[in-house]
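J.: Here you go, sequence then predicted model.
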Amino acid sequence: MFTLALSTRAETYDRLSSLLPEYGIEVRHIETTGRVVQISPDACSFEECDVGLVYPSRLMEGGVVDALLEVPWINDCEAILTSRNKGEVLARLAHADIPVPETTLVSNPVSREELKAVFDRFDPPVIVKPNSTTRGTGITLAYDLDSFLGICDYLTLIHEFPAAKDRSFLVQEFVPDARDFRAMVIDGEYVGAVERVGEGWKHNVHAGARAEGIRLSEEHRELVERVGTTLDIPFLGVDLLVSEDRAIVTETNARPTVDDATKYEPGFAERLANLIRSRAQE
């Protein structure tokens with residue numbers, strides 16, 4: 001029996017706890033935040049595990065946990081940092097000829113004239129997106145230049161505080177009437193997808209959208225598999241916008257929520273279990 005460390009106790013933990021035992025894998029919760037940790041191997045309060053699923057989201061606590069647990073991570077710190085940097089992901093994918101939305105990275109501070117030039121490159125409205133947040137936090141739609149500059153002013157104000165280490169944001173084209181998919185890729189192989197459906201133009205599940213199981217076309221499966229191979233992240237969520245004339249990759253998530261097993265392809269749990277076992281045996 002292998003033991004798998006998870007630093008979350010939410011839906012992913014509950015679903016994997018019911019899926020993986022039949023494949024000889026026990027899921028254990030490793031609490032990394034909201035607690036005190038004695039930094040000593042002799043006093044380590046973490047249960048021993050064979051492998052971890054994804055590196056803890058808080059990197060400072062994650063470094064302590066990583067040192068004390070001494071386990072290999074399926075998605076290690078580098079994978080988390082890569083996926084969290086939305087601009088880097090889009091640049092890597094574009095370099096690999098994978099379709100992405102028209103995007104400009106703004107590294108604050110920049111002049112008002114430069115911001116106006118950025119806005120003029122797009123047909124409004126434009127999406128303004130923090131470069132390293134998750135769950136759709138802070139993503140805004142600007143319909144005209146005045147509102148766009150107001151959003152940029154607000155971001156500049158936030159970036160002036162030392163706590164805001166990432167002082168960059170993305171400006172992206174808006175794709176109206178596109179379907180919003182989250183596909184799951186394990187070791188570069190497509191294993192299932194959901195369509196995110198909700199009111200308004202943002203379809204993040206954490207903001208109230210529904211995740212409905214969907215079968216992607218062969219063309220779109222090949223596209224998300226190319227993303228997984230290009231980024232070399234073993235356990236990856238790939239966000240896809242599909243309109244009448246094109247499909248584009250908008251983001252990736254190296255800490256994807258595991259949805260209900262019925263929303264994945266047959267064999268999803270077995271493929272994930274094989275990945276866990278192989279990493280543990282390494």
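T.: Okay, I see it. Residues are numbered from 1 along each chain as shown.
J.: Let's see the pLDDT reported for F161.
T.: With respect to pLDDT, F161 has a value of 69.
J.: Find the nearest non-adjacent residue to R179, please.
T.: Leaving aside its chain neighbours, R179 sits nearest to V242 (4.8 Å; criterion: Cβ to Cβ, 6 or more residues apart in numbering). Any C-beta I mention is one placed from the backbone N, CA and C, and that applies to glycine too.
J.: Distance check, that neighbour against P125.
T.: In this structure, V242 and P125 are separated by 20 Å, where distance is defined by Cβ to Cβ, to the nearest Å.
J.: Can I get stretch 38-50 in CSV? Just the C-alpha atoms.
T.: This file holds the C-alpha atoms of stretch 38-50, laid out as CSV (Å, rounded to 0.1, in the frame of the first residue of the first chain):
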residue,chain,number,x,y,z
GLN,A,38,8.3,22.2,15.0
ILE,A,39,11.2,22.4,12.7
SER,A,40,13.1,19.3,13.8
PRO,A,41,13.3,15.8,12.2
ASP,A,42,12.9,14.3,15.7
ALA,A,43,9.7,16.4,16.4
CYS,A,44,8.1,16.2,12.9
SER,A,45,4.4,15.9,13.3
PHE,A,46,3.7,15.0,9.7
GLU,A,47,2.7,11.4,8.9
GLU,A,48,5.2,9.5,6.7
CYS,A,49,4.1,9.3,3.1
ASP,A,50,5.6,7.8,-0.1
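J.: Buried ones in stretch 104-121, by neighbour count?
T.: 104, 106, 108, 115, 118-119 (16 or more other Cβ atoms under 10 Å).
J.: can you check stretch 36-54 too?
T.: Neighbour-count burial for stretch 36-54, counted by 16+ other Cβ under 10 Å, picks out 37, 44, 46, 49-54.
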